[in-house]
Every structure is written in C-alpha cells, then in structure tokens.
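Participant: sequence and predicted structure, then a few things I'm wondering about:
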There are 2 protein chains.
Amino acid sequence: MNNALINTLIQAFNELDIECFDDNEVRKNHGQDQSPYVHISLPDLVVFPVDSKQVSDIVRIANRFELPVIPFGEGTSVEGHVLAIKGGITINMSKMNQIIEVCPSSFTATVQPGVTRNQLDKALEELGVCFPIGPGVNASIGGMCATGASGTNAVKYGTMKENVLALEVVTSEGLIAKTGSKAKKTSAGYDLTHLIVGSEGTLGIITEITIKLYPIPEIISAAICSFQNIQAAILSVIKIIQESVPIAKVELIDGHTMSLVNKYSNLSLSECPKLLMEFHGSQSYIEEQVDKVSTIVSEYGGSEFTWATDANERNKLWQARHNAYYAAIASKKNARSVSTDTCVPIDRLAECLLASIEEVNSSGIPYFLVGHVGDGNFHFGYLIDPENEEEKLIAEELNNNLVMRAIDFEGTCTGEHGVGMHKINFLNKELGDVSVDLMKKIKLALDPKNILNPGKVIHV
Amino acid sequence: MNNALINTLIQAFNELDIECFDDNEVRKNHGQDQSPYVHISLPDLVVFPVDSKQVSDIVRIANRFELPVIPFGEGTSVEGHVLAIKGGITINMSKMNQIIEVCPSSFTATVQPGVTRNQLDKALEELGVCFPIGPGVNASIGGMCATGASGTNAVKYGTMKENVLALEVVTSEGLIAKTGSKAKKTSAGYDLTHLIVGSEGTLGIITEITIKLYPIPEIISAAICSFQNIQAAILSVIKIIQESVPIAKVELIDGHTMSLVNKYSNLSLSECPKLLMEFHGSQSYIEEQVDKVSTIVSEYGGSEFTWATDANERNKLWQARHNAYYAAIASKKNARSVSTDTCVPIDRLAECLLASIEEVNSSGIPYFLVGHVGDGNFHFGYLIDPENEEEKLIAEELNNNLVMRAIDFEGTCTGEHGVGMHKINFLNKELGDVSVDLMKKIKLALDPKNILNPGKVIHV
C-alpha cells in the first residue's frame, strides 16, 4: 500500500471516528500470533472499531480499494489465521467487547466478538449459567467462532458449531447480515450460521454472536488418574467413550509433558501418562459415572483417582493442563510450536496416536502431547526454532504423516484449530478436489474481490 | 418438455441402465406429498437410480438440457418440497436403500438416502445402538437430512444438524463431492455438511449420509401427565426446561386433538391437555429426573403420571401421538393440513402459543395442536379443503400471524419442516434481505442453471 493510499484511508477513518494506527509498533503487535510463522508481512493499518456500523464502514472502504481486511481477536491462533500475509487493514475487535444480553431464562447470550472467555465466564457466573466451550487460552468469542473452536468440554457440550445459534456478519460489500435466531432449532433456509462458524473471517466479519448457555452443574468433580504407559491411558479412554459414560472432560497428557508442566507450574505430580477427567451433575449421577470409569481404568492398571472437587484446586489442575503449551515453549530456546490437530473416530484413536508417538520419538524433535482424547482429538506440539530450516522440515513432515494417517482412518486434519495458512493443502487430500472447488465457488460468490482475510482456508 | 426430448432422455437413461418412467400413474404418485398443494404440475419423468454414479449421470444429463431434478424420498414432506412445480425429472431414492456400514465401536453409520427410519431402527437395534432423530412418519434418512428434520427426541439428542457427520453429494454439474468425515468434530474448511443439511435438494443431491449413533438407553420410561388447562401444561414444560431436567421427550397435545386421536386409534384417554414425556438413562438417573418433573407439574395442578415402561405400551403411546396428523385429516372430509412449524426461545413459548390458540379458536377453522414444546417448537394443523379458497385464505392468514408473532419473539418460521414452497417469503422477514441475498449468491454459485429442485427455499 503506498503512502498516498494510507493517508487517504487514515483520513476516511478519522472522519468516521474510527480509531486507526499505522505506526510500526501497533502493526508489529498484529503481525504475530501463536503459530510458527514469524516472518510475515505486517498489516498496513490497524483499526479499532467500536460497533457493527464502524466494521461495515471499514469493509465498505476496503472493498472500494480492494484491500485485504483481517479480523483480529486475542491473537491466540496457532495456524496463522490472523496474519496479514497480503498487507491491508487488520480489524482489532478488542473494543467491541460488550456483552449485549444474557438471558438465563432462555439459556442464550448475545455478545460482541471481542468479548473474551474469561470476561464472559465472570459475567455468567453470577447469573447461575455458563458457556462451557473453552480452548485453553483466553481467546475472544469472535475468534472461537471464526475457527470453530472447542476444547476440553467438547465431549459433553460439543464445539462452537453446536453452540452458536445466531450471528451478525458484515459481508464483503460492507452490508450487515443476520443469520439464525434465538430459537433452539431452525430449518429456515441455508444454514449461514454454520457456514460462517469456522470460515476464519474469509466469508464475512462476525460482529455479534448469540450462543447457547447451560446451567452451572450442581457438582463438578475433577480427578486425575495415572497409568504405567500411554497405551493403557488411551485404551481406557476409548472404553469410557464406547461405554457412553457421560463424562464432561477426559484429557490425556503424556509423561514427558507432565515433567514440563511440573517445572513450569511448580508442581510435583508424578511424571507418567495421565488422564485428567471432570464429571458434572448431581452427586448420585456423578457417583454412577465414577463407578463405571473406575472399573474401566483399573482393568488397564490405572491408579486410584486423585480428586479436586474444590473450585480452586480444580482451576489449578486445569490451569496446569492449559499451561502445557507455554511450559513446552519455555523448555527450548527460541522455540515455536508446530501444532497438530488431527481428530479420528474413537475406535481408531489408539492406532493413530501410538503410531504417531513412535514416529515423533524416532525423529529426535522435542515435543509435547496433550489430547482431547474423548473426542478422538489430540495435539502434538513439535518444538522448533523457526530460524532452523531442518527442524521446520522435520516438523512439517511429521505433521504431514500424521494428517495422512488420520485421513486414512476417516478422520480430519483439524478438529478445532482450523485451517489458517497451515492446512490449506490438506483439504484436497481430506475432502477431494470437488469439495474444495465447491468451497472456492462459495468464497468467490460471497467475496468476489477476495478481500476477506485472503490466503486463509483456501487458495482462490 | 416436448415428446422428442422425453424420448431422448428415456433412451439416454436406458443406455445407462437407469430405470425410468413417463407414464401418468408413476408421475402422479410423485406429484403429491402431505402438503396442502394438490394441483401441481407433474414431473415429466421419474427415475429410480441404484447408486451414486447413476445419480451423477442423471444430473449431468439434466444439466446439459437445463432440466429440473427433484430428489424424492418417502413423499412425507408437508411443505411441498418434493413437488415438480416446473416439471423435469424426479429422482426417486427408494432403490438407494442400502445401509452401507454400521460401526457401533465409533457410534457412526453410513447409509444411502432411501433408507427409511424404520428400516434403520431395525438394523441398529440388534447392534445395541440407535439413531434417535425421528419425525413422526417413516421418512427416509435422505429426506430428513434435506429438510433438517428433528422430532420428539430433539430435546435430548438435537436435530439432523447435530447428528450428520458427513455426506456424499452430487453437484449440479453431476460431480460427486464428499463433505465432513467420521471424526466427531472438524474445522477443515467451510462446513459444507451443514450447508447441505436443510438445503432441500437445491444445492446438491444427497447420495450418502454418515450419522452419529447412540447407545440404546439402559432404561426408557414414558409417562403421560394430564392438565386442567393448556396454560398449566405449557408453564410446566417451560419450568422443566429452565430447570435443565435432562428429559428425552416432552410433547404437548391439546384436549381436542386427544379426542381426535382417541377416535382414530381407538383409545380412551381423557380428553384434556397432556404432556407425553420420556426419560432415558439408568434407574437412579431416571428417578432423579422424574422427582424433579413431578414436583414441577404438581405445582401447576398436573395429574399423577401414567407410566409406559414396557416397549409395546410405549410404542402404542407414541404411535397415538404420531397419528395425530392422520387422525385430524380423517376428521374432516377432503381435508388437507396447513401445518405451522414456528419455534421460539423457551421463555417466550407460553406467550406465543397461548395467543395463537386464542386466535385459531376465534377463526372457526378446525385444527389439531401438537408440540415438541421442550424445544419451543409446536405445530398447528389447520384443516382445510384445498378446493375451498376461503378456508385456504384463513389458514394462510393464521399461519402468517403466527410466524410474525414467532419472529417478534426472536424465533423462526420453521423449526424442522423446512421452507419448501410454503415459507419462502417468510425468510426475508425473519432474516432480512441481506441474508436472503447471501443465500441466493450461494445457490447461483453452486447451481447457476437453477436445475436443482427449482422454486424451493428461495426465489432466484
């Protein structure tokens, strides 16, 4: 973008009272996320709209000049979703952080996209309701919506896909569209809500989100169970799911990752493979679940459970789990993580995961391993120095092999992180050229100038 | 379609071994459904493909000649979805009725679109799993997928949207696309699966469906509870849902409809408003639910429960409920039903439903009333003689008023029946012109010649 154009845009945004920055520091802050991409071109401008009307104005102006617009939440993407790889205008959503409505009597809430998980949790708690969809980080609800995020609670509550009822979206022409309704179900025309959820800002800019809420469970009990080897932990999970225990969370963490977490979070948990579980419900309902799970894990030599029923203890446990990423990053100098996100049918989980563990062990690349294994979803983080071409190559090859394995097992390259820049080429392998071609047609129909977060999800 | 073209097509289909009929009887059989539309033009040809390749060939030929193609399942649509309003080729899916795979260990099954609910239920039962999504009728799974159907179990298990994992779809060009995977969750590109579910054959022809399965509940208990007035029944349901009782079904049936059902099914149930409920789970889990529900209904003067825990008794009860439509149709000479399908947030249900009951009572039109009230979804069937213009006008006005009321309450014109021919104009009111315009863009991008079930969902 040349200086004259930048000045024209700044003037236009100023006239519309839209906060706008072109200085290097702000641009650099928006040129990074938690992906391994560290040398990416920066946005030319960063704007901070306060409402849907301003987003609409920004996109209308960008459309006129055919400039990329990139929505930016909390910058916690691991696949480069929010990087301005073709320059343009990054739309930081942090000032659109109003919780517009919470309606406990219909179990719905409507929020602006910049509202963060922690902010929402706090507001809901007082009202006796919760929004249980949560990746480890304090992401924005808009970002979670854009990537189709899920997290540890998906076993019981599903992902963003199952929990977004309605959206307000700014189209590539800068018009404001409504999708869905507050009703629990609808068959009113094409499901634009689900088309936008997971479209990573490439089909429209999300400016309002109506989500489903849940009652805060009567009792929440968290337990840890240790295993002598990882196979026993995985086989236990498969059986828990196959026996349809209505467990709320069941997370795998391997022994090596436990040692990283111990060091980072100053804990002293035994450094062997573990399942971290959570049970929601009434006392008797939880007891019933725990009985079944105890029987299963003991068949595989699992330890007695260590319990955390008090909220503080429980938070400490889950914080340790969610810190695995940061613990791993901190364990190696200049490290970035190449994160995998495959998800397979539950009956193929052991085969897929064990082969992948063997492969990464023989590669010599340091890694961490955590998994939403109850969903058949798990994450390796291959720890690389992004300046080291050899490490990058090995990590990408490992990821490639893992994705091919998951696809062979009728699974997917991404369970919850999304495609971003990193998985575009896997889509053809997973879904075939005809399906990817349908996606391209939809992209070009809704964004003919390719201004909405270009270079993400698909190549057009 | 002129005779020369019909003969050309017949010859082409014969050469491809595709069964094909142009006689009046077969055409007439495919020119009706359970909607009030009785004078609709017939398809010119009806074909009976046996596999996806044949569907692909049919669509490719239709595309070349720019002819409408209309997929046809069991013909149980109530909104005119499967009517060949512009002539063309109806694709009867009844010979594509293979259950391709049932995988209880991953809780998935893959079926062809012509498989019916009853057929699937029977096949799954032996394997200890079930597919709980069921409208009252014996619809085809393809049809249920095309309309985004749900039914009585949606309170606990969701709708087709939440229960379809993957699809095979023939595009308007006759190409075969795959969407989704067998993994429980995926963020791999645009959610084509959800775009096709509920698109009523207008974006692609569904040729294979991968669905989620569930374990057969340990115990299933059905109960009936009677109320002195309908308001008490409705308020009870709202409280049951707001207190988050994990009930599997909770259906409303009004006193007048009970009298129709008694007559039709030769029963002698009391003719007052009733809730029909079903509880799934272990003995103790069900007891816990029943305790809560009993307390709630007694607050509103509900009767003691009448129980049906035995499978035969239970089936009889639900069959009576599902026969409400047929009982009503049989109650008036030459009757067809104009069916409503609004769905509102649970906290607006009483207001919406009571106002609508008052309105229909003062209209003088006979009707039946049943409702998946746990989801905020209910159906009036206004019984009209389709030859009587005045009755048609009154019924349409009632439906129009009801839809406007539901939209005012942030609900939808259709919870599960779909748009078909009947609700096209409501979409602009419910979602706004910008959203409907996005739908049109998608339709034209995927079906530029408008050959896929033209005249349904949206006008292009």
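Facilitator: Arrived safely, thanks for sending.
Participant: would you confirm that A:Asp44 contacts A:Ile6?
Facilitator: Yes - checked against C-beta atoms under 8 Å, the pair A:Asp44 and A:Ile6 is within contact range at 5.9 Å. C-betas here are computed from N, CA, C, even on glycine.
Participant: any shared contact partners between the two?
Facilitator: Between them, A:Asp44 and A:Ile6 share the neighbouring residues A:Asp22, with contact defined by C-beta atoms under 8 Å, 6 or more residues apart in numbering or on different chains.
Participant: helix, strand, or coil at the most centrally placed residue in chain A?
Facilitator: When chain A is reduced to its mean C-alpha position, the nearest residue by C-alpha atoms, centre = their mean turns out to be A:Ala149, at 3.7 Å. Here A:Ala149 is coil, with the state taken from DSSP: H, G, I helix; E, B strand; the rest coil.
Participant: do you know the pLDDT at the closest residue to chain B within the stretch 151-300 of chain A?
Facilitator: Scanning the stretch 151-300 of chain A for the residue nearest chain B gives A:His194, at 3.5 Å (criterion: C-beta to the nearest C-beta). The predicted local distance difference test score for A:His194 is 97.
Participant: now do the same for the nearest residue in space to A:Ile329 that is not next to it in sequence: its pLDDT.
Facilitator: Of all residues not flanking A:Ile329 in the chain, A:Ala335 sits nearest, at 5.1 Å (C-beta to C-beta, 6 or more residues apart in numbering or on different chains). Per-residue confidence at A:Ala335 stands at 93 (pLDDT).
Participant: quick one, what contacts A:Ala335?
Facilitator: For A:Ala335, the residues meeting the contact criterion (C-beta under 8 Å, 6+ apart) are A:Ala328, A:Ile329, A:Leu383, A:Ile384, A:Asp385.
Participant: which phi and psi does it have?
Facilitator: When quoted as degrees, to the nearest 10, the phi and psi of A:Ala335 stand at phi -80, psi 140.
Participant: same question, the one 3 residues further on
Facilitator: As for A:Val338, its main-chain torsions (degrees, to the nearest 10) stand at phi -90, psi 110.
Participant: give the burial count for it, as a bare number.
Facilitator: Burial of A:Val338 is recorded as 23 neighbouring residues (other C-beta atoms under 10 Å in any protein chain shown).
Participant: can you check the one 3 residues further on too?
Facilitator: Residue crowding around A:Asp341 was assessed by other C-beta under 10 Å; the count is 28.
Participant: cool, and the one 5 residues further on?
Facilitator: Using other C-beta under 10 Å, A:Ile346 has 25 neighbouring residues.
Participant: now do the same for it: its pLDDT.
Facilitator: Listed pLDDT for A:Ile346 reads 95.
Participant: so it makes contact with A:Ser244?
Facilitator: No - contact status for A:Ile346 versus A:Ser244: not in contact, 10.8 Å apart, counting by C-beta under 8 Å.
Participant: got the contact list for the helix or strand of chain A with the lowest mean pLDDT?
Facilitator: Every helix and strand in chain A was compared by mean pLDDT, DSSP states H and E; the lowest is helix A:311-322, with a mean of 84. Defining contact as C-beta under 8 Å, 6+ apart, one finds that helix A:311-322 is touched by A:136-137, A:152, A:220, A:222, A:224, A:251, A:253, A:261, A:265, A:267, A:269, A:276, A:278, A:308, A:370.
Participant: now stretch A:402-416
Facilitator: Outside stretch A:402-416, the residues touching it (C-beta under 8 Å, 6+ apart) are A:79, A:135, A:147-151, A:154, A:159, A:340-345, A:348, A:351-352, A:355-356, A:359, A:372, A:375-377, A:380, A:423, A:426-427, A:429-430, B:181-188.
Participant: buried subset of these, written for ChimeraX?
Facilitator: Applying 16 or more other C-beta atoms under 10 Å in any protein chain shown to the contacts of stretch A:402-416, the buried members can be selected in ChimeraX as follows:
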select /A:79,135,147,148,149,150,151,154,159,340,341,342,343,344,345,348,352,356,372,375,376,377,380,423,426,427,430 /B:181,182,183,184,185,186,187,188
